[in-house]
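[1] Just to be clear, the model below is a prediction. Sequence and coordinates:
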Amino acid sequence: MITENDRRLARHIQKLRKQTGMTQEELAEKVRLSTKYIQFIETAHRIPSLKALYRLATALNIKVSELFPF
């Protein structure tokens, strides 16, 4: 079951990626995940692991805590 917090996280990750000017493909390459998985994260169909969140934050040049807009 997808929660509202899952959706917020997904939208926020997508927003942060777009602010950096990266495509999903570029982000996927930086974090060593598939483009499909990045799509799933950004649509809240998959919730990233803590390890994936750390890699996303690093690629986006932010702290992990900044991924959570709530």
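    Nice, I can see it.
[2] mind checking the longest helix of this protein?
    Ranked by residue count under DSSP state H, the longest helix found in the chain is helix 4-20.
[3] Quick check, central residue of the chain?
    Central residue of the chain (Cα atoms, centre = their mean): Ile13, 4.0 Å from the mean position.
[4] dump the residue contacts of that residue.
    By Cβ atoms under 8 Å, 6 or more residues apart in numbering, Ile13 lies in contact with Ile41, Glu42, Leu56, Leu67. No exception for glycine: its C-beta is placed from N, CA and C like everyone else's.
[5] Greatest separation within those: which pair is it?
    Pairwise distances across the contacts of Ile13 (Cβ to Cβ) peak at 12.2 Å, for the pair Glu42 and Leu67.
[6] higher neighbour count, these two?
    It is Glu42, of Glu42 and Leu67, that has more neighbours when counted by other Cβ atoms under 10 Å, with 20 against 17.
[7] For burial, what's the neighbour tally of the spatially closest residue to that one that is not a sequence neighbour?
    Leaving aside its chain neighbours, Glu42 sits nearest to Gln14 (4.3 Å; criterion: Cβ to Cβ, 6 or more residues apart in numbering). Using other Cβ under 10 Å, Gln14 has 18 other residues around it.
[8] Equivalent analysis for the one 4 residues further on, please.
    Residue crowding around Lys18 was assessed by other Cβ under 10 Å; the count is 12.
[9] next one: Ala28
    Residues contacting Ala28 under the criterion other Cβ under 10 Å number 19.
[10] go on, Glu66?
    Neighbour count of Glu66, defined by other Cβ under 10 Å: 12.
[11] and the closest residue to it other than its chain neighbours, what element?
    Spatial nearest neighbour of Glu66, chain neighbours left out: Ala57 (6.9 Å); criterion: Cβ to Cβ, 6+ apart. In the assignment (DSSP states H and E), Ala57 maps to helix 50-59.
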